[in-house]
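**Q** I would like to see how this sequence folds:
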Amino acid sequence: MKSSTPKPTPLQEFVKDRVEDDLEGSVALDLPVGENSQPLVYDSYNERMKLYGVRPQELEEHAPTEVSEDLASKITIYAPPGDDNKWQDIGFQKEAVIRGFFESEDAHLWATYTSDERENSPREEQHRSTVQLALSKPLMEAPVLLPGYQSDTALLEDSSEIAALLDRTFEDYPTPIDQDIIAEQIANEDNLFRVVRGGDGEIAAVASAELDHIRKSAEMTDCATRPDERGKGLMAYILRTLERDVHQRYGIDDLYTIARADEIGMNCVFSKLGYDFHGRLINNCRMPNGWESMNVWCRNARLALV
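**A** Residues are numbered from 1 along each chain as shown. Below you'll find the predicted structure:
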């Protein structure tokens, strides 16, 4: 049971000593673990911490079961498989699995919360129904573009138009939407964007693959379609083509997405494209409905090439 007046843990003190008080985004840190270190991302906007590759016995001294809400109301561990009982013993619960996240080895996502409000999921029944509906959809044949549309990988000069479409689509978004940020992602090959343009020459839909070159996995994200262009299969075409792009350019086959649990359409699209459901991240980030839970869907891109 959580204490009514929990004290900051060494983990939180470690982060607090290394971040600015007015931080509005996220910062990557290296958490000392024994003789080594593991990546830690502190995200002030979404009030969360994410740690990668640690075992429960390595984390125990940093994050005991009682944690303070001072910095983050959610802590998520992307852990190698195993140690289920040990994670539960130190107050974590498994929420999802990302297939092949660690260069072909799965990541098990364990979470702990510092507030009952963040941990509570009042729309859980609705979210289960959305997944059941998505899983009932038949697999889609190879998506094709309607006449008059064309698709290309995005260039630096597309960044302003991409940012504008994302900004119009989402009243709130878990990461900053900015032309300069998107241009940097394209230039540094952190994200591979693909767009579809209609007969008017404007971007009708966009999505990206956020590339993890070290772990050899990619997150399918930034999915947005203009309201007047929805229902034409544009997003399905972009996502399937992005799978091939990522495989051919970077040799990355293990793909996943973290889709809004409140949004029926995108969950159905990923299911129809052959992605498998692997769990739900409770109140994971800020979206238009406030704290929103996110569904994890996974697929191996090699299947798209058959």
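**Q** in contact with N267, which residues?
**A** Counting by Cβ atoms under 8 Å, 6 or more residues apart in numbering, N267 makes contact with T130, V131, L133, A134, A259, R260, A261, N295, W297. Using the backbone N, CA and C atoms, a C-beta is placed for each residue, glycine as well.
**Q** for the second one, which non-adjacent residue is closest in space?
**A** Yep, that's V131 we're talking about. Leaving aside its chain neighbours, V131 sits nearest to F277 (5.5 Å; criterion: Cβ to Cβ, 6 or more residues apart in numbering).
**Q** could you look up the SS state of the one you found?
**A** Under the three-state scheme (DSSP: H, G, I helix; E, B strand; the rest coil), F277 adopts strand.
**Q** I'd like to know how many residues surround it.
**A** For F277, the number of neighbouring residues by other Cβ atoms under 10 Å comes to 18.
**Q** one step back: go through the contacts of N267 and name the one nearest L51.
**A** Distance to L51 across those (Cβ to Cβ) is lowest for N295, with 21.6 Å.
**Q** separation between the closest one and G233?
**A** To G233, N295 is 21 Å away according to Cβ to Cβ, to the nearest Å.
**Q** before we move on, what about N46?
**A** Taking Cβ to Cβ, one finds N46 at 32 Å from G233.
**Q** in terms of packing, which of the two has more residues around it?
**A** Counted by other Cβ under 10 Å, N46 and G233 do not tie: N46 has more neighbours, with 21 against 17.
**Q** tell me the helix or strand right after the helix or strand harbouring A205.
**A** Following DSSP states H and E, one finds A205 within strand 203-212. Using DSSP H and E, the helix or strand that follows strand 203-212 towards the C-terminus is strand 217-225.
**Q** and the helix or strand following that following strand, average pLDDT?
**A** Counting by DSSP H and E, the element after strand 217-225 in chain order, helix or strand, is helix 234-250. Mean pLDDT, helix 234-250: 96.
**Q** next SSE after helix 234-250?
**A** strand 254-260.
**Q** tell me what angle that next one forms with strand 203-212.
**A** 120 degrees (axes from the mean of the first three to the mean of the last three Cα atoms, to 10 degrees).
**Q** what about strand 254-260, distance to the chain center?
**A** Centroid separation for strand 254-260 versus its chain: 6 Å, with Cα atoms, centre = their mean, to the nearest Å.
**Q** just the angle between the helix or strand just after that strand and strand 217-225, please?
**A** For strand 254-260, the following helix or strand on the C-terminal side (DSSP H and E) is helix 264-272. With the same axes, to 10 degrees defining the directions, helix 264-272 sits at 140 degrees from strand 217-225.
**Q** what's the average pLDDT for helix 264-272?
**A** 97.
**Q** stretch 167-176 too?
**A** Averaging pLDDT along stretch 167-176 yields 80.
**Q** and the closest residue to E60 other than its chain neighbours, what's its pLDDT?
**A** Leaving out its chain neighbours, the residue that sits closest to E60 by Cβ to Cβ, 6+ apart is I90, at 5.7 Å. At I90, the model reports a pLDDT of 88.
**Q** can you get me a residue count around I90?
**A** Number of residues near I90 (other Cβ under 10 Å) recorded here: 16.
**Q** what lines up beside the strand holding A205 in the sheet?
**A** Here strand 203-212 has these sheet partners by DSSP bridges: strand 191-197 (antiparallel), strand 217-225 (antiparallel).
**Q** so where is the protein shaky, pLDDT-wise?
**A** Within the chain, the ranges that satisfy pLDDT under 70 run 1-9, 22, 61-70, 174, 303-306.
**Q** tell me the domain ranges of the protein?
**A** 10-119, 124-305 (automatic domain parsing).
**Q** tell me which residues touch the residue nearest in space to the middle of the chain, please.
**A** The residue lying closest to the centre of the chain (Cα atoms, centre = their mean) is I258, at 4.3 Å. Neighbouring residues of I258 by Cβ under 8 Å, 6+ apart: E219, T221, L281, N284, M294, N295, V296.
**Q** now with 10 Å?
**A** Counting by Cβ atoms under 10 Å, 6 or more residues apart in numbering, I258 makes contact with 96, 98, 109, 174, 219-221, 280-281, 284-285, 293-297.
**Q** next: K94.
**A** K94 makes contacts with I77, A79, D84, W87, Q88, H108, L109, W110, A111, G279, as judged by Cβ under 10 Å, 6+ apart.
**Q** pick the one among these closest to S208.
**A** Nearest to S208 among these, with distances taken as Cβ to Cβ, is L109, at 21.4 Å.
**Q** just the CA atoms of stretch 163-171, as PDB, please.
**A** Provided in PDB are the C-alpha atoms of stretch 163-171 (Å, rounded to 0.1, in the frame of the first residue of the first chain):
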ATOM      1  CA  ALA A 163       3.700  20.200 -38.800                       C
ATOM      2  CA  ALA A 164       0.600  22.200 -39.800                       C
ATOM      3  CA  LEU A 165      -1.400  19.000 -40.500                       C
ATOM      4  CA  LEU A 166      -0.400  17.400 -37.200                       C
ATOM      5  CA  ASP A 167      -1.200  20.600 -35.400                       C
ATOM      6  CA  ARG A 168      -4.600  20.800 -36.900                       C
ATOM      7  CA  THR A 169      -5.300  17.100 -36.200                       C
ATOM      8  CA  PHE A 170      -4.400  17.000 -32.500                       C
ATOM      9  CA  GLU A 171      -5.500  19.600 -30.000                       C
END
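**Q** noted, bye for now.
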